[in-house]
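Student: structure, please.
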Amino acid sequence: MKSFLICPVRGMSPDAHKTAVELLEAQGFKVHWPPRDTDQNDEVGLRICMDNANAIAAADVVHVIWDGKSQGCLFDLGVAFALKKKLEIFMIPAMSEGKSFQNMMAAWAVEPSLVTPANQTTKEPQS
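Tutor: Numbers count the residues shown, from 1 in each chain. Just a heads-up that it's a prediction; the model follows:
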């Protein structure tokens, strides 16, 4: 099974989330880990976003570590949501009152049926 690990990259130690990767790989996942598997040499970040989007599309599941600050994580999560990927959370900020990105992610992870599976089409409303 293929996994994409969404995690902060910029300003982080290259081994910051190595333990999570090792845990997933020990469980049999083939993990795409951006600090290791996405070439980070990109002056504007467009190729990085495209490479990550392609790897997310190829993944069976997306695992997430989000510090509440990383814009790259938010972008990758948006791609995963648009592609209707199964989400499993390692770490996100504490839940908040009302609407928040972490509350939405928690709901998505707990109730994946709220996000239509990628290979299933939705029916158009009948007039």
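Student: now do the phi/psi pair for Ile12.
Tutor: That one is not Ile; residue 12 is Met. phi -100, psi 150 (degrees, to the nearest 10).
Student: touching, it and Pro35? I think so.
Tutor: Yes - look at Met12 against Pro35 with CB atoms under 8 Å: they come within range, at 7.2 Å. Every C-beta, even on glycine, is put in place using the N, C-alpha and C of the backbone.
Student: more neighbours, those two?
Tutor: It is Pro35, of Met12 and Pro35, that has more neighbours when counted by other CB atoms under 10 Å, with 19 against 13.
Student: show me what contacts that one?
Tutor: 7, 9, 12, 14, 16-17 (CB atoms under 8 Å, 6 or more residues apart in numbering).
Student: give the ChimeraX command for selecting the buried subset of those.
Tutor: Remark: buried members of those, expressed as a ChimeraX selection using 16 or more other CB atoms under 10 Å:
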select :7,9,17
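Student: and the two most separated of the contacts of Pro35?
Tutor: Comparing all pairs in the contacts of Pro35 by CB to CB, the longest separation belongs to Cys7 and Pro14, at 11.5 Å.
Student: using CSV, write out every CA atom in stretch 35-54.
Tutor: The C-alpha trace of stretch 35-54 is given here as CSV (Å, rounded to 0.1, in the frame of the first residue of the first chain):
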residue,chain,number,x,y,z
PRO,A,35,12.0,15.7,2.6
ARG,A,36,13.5,12.5,1.3
ASP,A,37,11.5,11.8,-1.9
THR,A,38,10.6,15.2,-3.4
ASP,A,39,13.5,17.2,-4.8
GLN,A,40,13.3,20.4,-2.7
ASN,A,41,15.5,22.4,-5.0
ASP,A,42,12.9,24.7,-6.7
GLU,A,43,13.2,28.5,-6.7
VAL,A,44,9.4,29.1,-6.6
GLY,A,45,8.0,25.8,-5.4
LEU,A,46,5.7,25.1,-8.4
ARG,A,47,7.6,21.9,-9.3
ILE,A,48,7.6,20.8,-5.7
CYS,A,49,3.8,21.2,-5.6
MET,A,50,3.3,19.3,-8.9
ASP,A,51,5.6,16.5,-7.8
ASN,A,52,3.8,16.2,-4.5
ALA,A,53,0.4,16.3,-6.2
ASN,A,54,1.4,13.5,-8.5
